[in-house]
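Undergrad: Give me the fold of what follows.
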Amino acid sequence: MVALNLSIIKYRSNLWWLHIRSADDTVKICFFVVDYCFGLLNLLVGYSAPKWSALYIPRSSESHDADFASSENTDQRLRFTVRRYLVKARFLIPYLWPVNDRLLQTSFLGVFVLLIIGRVVNLFTPIYHKKIVDGLSNPTTPYQPELVVFYVFLIFCQGGSASGGLLNSLRSLLWVKVQQHTSKRISMALFRHIHNLSFGWHLNRKTGEVLRIMDRGVDSVNQMLNYLAFNIVPTILDILIAVVYFCTSFNYMFGLIVLFTMAAYLILTVVITEWRTKFRVEMNDRDNDLKALAVDSLLNFEAVKCCNAEEAELNRYSTGVINYQRAEFKTSLSLSFLNIAQNFTISAGLMFGSLLCAYFVATKRHGFSVGDYVLYAAYIMQLYQPLNWLGTYYRLIQQSFVDMDNMFELFGHPPDVRDIDGAPSLDVREGKVEFRDVSFCYASGRTILRNISFTIQPGETIAVVGPSGSGKSTLMRLLLRFYDCTGGSIFIDDQNIALVTQSSLRKHIAVVPQETSLFNQSIKFNIGLGRANANENEIIEAASIAEIHERILCFPDGYECMVGERGLKLSGGEKQRVAIARAVLKQPSIIILDEATSSLDSQTESLIQQSLNKVCQGKTALVVAHRLSTVVNANKILVLKEGKVVEQGRHDDLLFKSGLYAQMWSQQSKEARMKCDKMVRNQS
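TA: Reported below is the predicted structural model:
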């Protein structure tokens, strides 16, 4: 850029090629203009643009949602260089091109054909305006109505605004399906990636914040593509064509006025946007915090009411709104300053060009006519109208990148548990489960399990008991491969579960959890979650086995009855029976019961336990239990303490040993008697 500007400063030198004397000189000036514009573009995106978080680069278009790599800390703010621009472009382009859809591919290419035709129309519209004016100004020129008709046709194609006109309307029509295709693919990739993230990540997430990031990220991609396809690219092409046209057909001074005005405008926009981007980032952060706070509060509305904490929650929300509005005000204030600076630059360029053109017309220099002034004024107004919005579009694109930043960070979280390349499916023949010297500790270094070894024979029920925090639930999560073992291995029918696909592993395992997760959908939908391709008769049969079919028929809409958010319309026992029906429908080889009755009253627990015994009959079962009365009939009971198996055996054998299990049994028996005595006294 320095060399290019120095070549302009020395324009009085005889060696300077802007003294056009031949066709060769004309070609040179065209190359100069193009080179200068690309230099500005390099400056625009390479040196002075806003800063961004480090991005993860996908290894292939087939695995954008999982395969990212980064060499720097994601919390570090880096300059938005050309390389980082290309990283984001590399991520987005595969989603933009509609693979294996010829109709969409044709639409995609049609958009750019119409874009080029539009640039030609924009060039010829003021030229034909000049011809009409010159013809009407010269009494010797015959009346040419065809010029007026063709000029009006060009106006019809061009339209009176950036969104009007035949060409832009056709371009928008073709672009809609392409945009929907891109939006769908990115949404699905992000949704799949979030579901593939580790169990630990989901334990720490803020649901409202994640949803906000998803919505804003996908919307920002659509906005950015729209601004590029319909505003930025057409405007830049119009500028290049205008500079070349004025330098070659008018006078080089007009081309330089347009060029320098554009350069000043772009540099000013970049510098000020660099300064104000931090305000937009801050506003996004406050917006994320506010949405996360609102969702968290609404999800826990029952606790808020029980604790009479409505006023405290309102104050928390009010503080969040105030913080967001402060950041929003800073963003709006900096935007107003940028608008004023941009308008001043454009007005100055228009004034200098108009004065020069009017002077040439008045003094009859270079053969300028009134039509030339009309051409210049019309062309410049046509050019500067979208240019006046170029800074806005640039800001919106930068804003879109800021909005996408959180989405890229989501994509940048790699799943902790991955299938190995070419992993086979799990082939369950009998359902034998083996834990061989299994250890596990979290990333923080906290050890949960130490050298656990045991075997569950096909059709056998093994119970795991122990104090809170002893690692009971972690065993279940390792068997489901929510985590990978940090030591040892788990085998099913002599197949290491770390070497098979996660999907095939979980296909053969059903879980009845302590707290059943229900969607705010129908009972039919929630039971059918156990097996996606199950028909209605199979769902009814599973509900009958779980002994909830008759109860469902009593609901107003039967199986179509909505259960409410998190199943709040159902009782605890009903939710557990839905979970049992879901497990039955899955037809698993292995069943996990994760304290499935611990949150129920004694009467309901007894009824649910009978249903669970039916479901586990003939299946390999791992039972994680708090109430020891539910596991007295297990084939073997493992007693965990501080991540180690301290006792194992059948119920009677463990009582005879008078160890930890016997102490826990005695304590629970005592509590049960006290509770029973209290109920008797209350009844009397």
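
Undergrad: Every contact and neighbour count from this point should use C-alpha atoms.
TA: OK.

Undergrad: and the longest helix for this protein?
TA: Using DSSP state H to define each element, the chain has its longest helix at helix 310-362.

Undergrad: ok and the helix or strand following it relative to helix 310-362, angle-wise?
TA: Going down the chain from helix 310-362, the next helix or strand is helix 370-412, by DSSP states H and E. Angle, helix 370-412 to helix 310-362, by axes from the mean of the first three to the mean of the last three Cα atoms, to 10 degrees: 150 degrees.

Undergrad: Check the gap between the residue nearest in space to the middle of the chain and residue 277 for me.
TA: Centroid-nearest residue in the chain, with Cα atoms, centre = their mean: residue 214, separated by 3.8 Å. Distance, residue 214 to residue 277, using Cα to Cα, to the nearest Å: 21 Å.

Undergrad: same deal with residue 286?
TA: Residue 286 is 14 Å from residue 277, by Cα to Cα.

Undergrad: residue boundaries of the helices in the stretch 151-300 of the chain?
TA: In the stretch 151-300 of the chain, the helices defined using DSSP state H, counting those that start in this stretch lie at 166-196, 199-204, 207-227, 233-245, 252-299.

Undergrad: weakest of these by average pLDDT?
TA: With a mean of 76, helix 199-204 has the lowest mean pLDDT of the helices of the stretch 151-300 of the chain.

Undergrad: Tell me where the model's unsure across the stretch 401-550 of the chain.
TA: Low-confidence segments of the stretch 401-550 of the chain (pLDDT under 70): 444.

Undergrad: those strands in it, which residues are they?
TA: In the stretch 401-550 of the chain, the strands defined using DSSP state E, counting those that start in this stretch lie at 433-441, 447-456, 461-465, 487-492, 495-496, 509-512.

Undergrad: if I pick the residue nearest to the centre of the chain, what's in contact with it?
TA: 187, 190, 407 (Cα atoms under 8 Å, 6 or more residues apart in numbering).

Undergrad: Please, which helix or strand holds residue 575?
TA: helix 572-586.

Undergrad: on contacts alone, who are the packing partners of the next helix or strand after that helix?
TA: Downstream of helix 572-586, the next assigned helix or strand under DSSP H and E is strand 590-594. Judged by 3 or more Cα pairs under 8 Å, 6 or more residues apart in numbering; DSSP states H and E, strand 590-594 is in contact with helix 472-479, strand 509-512, strand 620-624.

Undergrad: Make a markdown table from those and add distance to residue 237 to it.
TA: Shown next, in a markdown table, are these (distance: least, Cα to Cα, whole Å):
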| stretch | distance to residue 237 |
| --- | --- |
| helix 472-479 | 57 |
| strand 509-512 | 59 |
| strand 620-624 | 67 |
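
Undergrad: Out of those, which is the most enclosed?
TA: Mean neighbour count (mean count of other Cα atoms under 10 Å) peaks for strand 620-624 among the helices and strands packed on strand 590-594, with a mean of 27.

Undergrad: quick one: average pLDDT of it?
TA: The model assigns strand 620-624 a mean pLDDT of 89.

Undergrad: Just want the angle from it to strand 447-456.
TA: Angle of strand 620-624 versus strand 447-456, following the same axes, to 10 degrees, is 150 degrees.

Undergrad: And the contacts of strand 620-624?
TA: Counting by Cα under 8 Å, 6+ apart, 431-432, 456-465, 472-473, 476, 589-595, 631 sit against strand 620-624.

Undergrad: give me every residue that touches residue 578.
TA: Residue 578 sits in contact with 523, 526-527, 543, 546, 548, where contact means Cα under 8 Å, 6+ apart.

Undergrad: With residue 234 instead?
TA: Neighbouring residues of residue 234 by Cα under 8 Å, 6+ apart: 115, 119.

Undergrad: Look up how far residue 121 lies from it.
TA: Applying Cα to Cα, the value for residue 234 to residue 121 is 12 Å.

Undergrad: Next: residue 503.
TA: From residue 503 to residue 121 the distance is 56 Å (Cα to Cα).

Undergrad: Residue 175 now?
TA: Relative to residue 121, and taking Cα to Cα, residue 175 is found at 20 Å.

Undergrad: got it, and residue 506?
TA: 60 Å.

Undergrad: Also residue 101?
TA: For residue 101 relative to residue 121 (Cα to Cα), the value is 30 Å.

Undergrad: out of those two, which sits in the busier spot?
TA: Between residue 101 and residue 121, counting by other Cα atoms under 10 Å, residue 121 is the more crowded of the two (19 against 9).

Undergrad: Which one of the helices and strands packed on strand 590-594 lies nearest to residue 645?
TA: Nearest to residue 645 among those is helix 472-479; the distance by Cα to Cα comes to 10.4 Å.

Undergrad: tell me the contacts of the closest residue to residue 207 other than its chain neighbours?
TA: Nearest non-adjacent residue to residue 207, counting by Cα to Cα, 6 or more residues apart in numbering: residue 292, 6.7 Å away. Going by Cα under 8 Å, 6+ apart, residue 292 touches 206-209.

Undergrad: and what of residue 581?
TA: Residue 581 touches 527, 539, 542-546, counting by Cα under 8 Å, 6+ apart.

Undergrad: how many other residues sit next to residue 637?
TA: Residue 637: 26 neighbours (other Cα under 10 Å).

Undergrad: what about it, helix or strand, and which?
TA: Under the criterion of DSSP H and E, residue 637 resides in strand 636-641.

Undergrad: can you redo the contacts of residue 581 as TSV with neighbour count and distance to residue 642?
TA: Listed next are these as TSV, based on neighbours: other Cα atoms under 10 Å; distance: Cα to Cα, whole Å:
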residue	neighbour count	distance to residue 642
527	27	36
539	25	41
542	25	38
543	27	39
544	16	40
545	18	38
546	25	35
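
Undergrad: between the residues you listed, which is closest to residue 669?
TA: After measuring these against residue 669 - Cα to Cα - the closest member comes out as residue 546, at 28.5 Å.

Undergrad: Can you pull the phi/psi pair for residue 571?
TA: phi -80, psi 170 (degrees, to the nearest 10).

Undergrad: Give me the distance between it and residue 550.
TA: Taking Cα to Cα as the measure, residue 571 and residue 550 are separated by 15 Å.

Undergrad: Tell me the pLDDT of residue 40.
TA: 53.

Undergrad: Thank you kindly, that will do.
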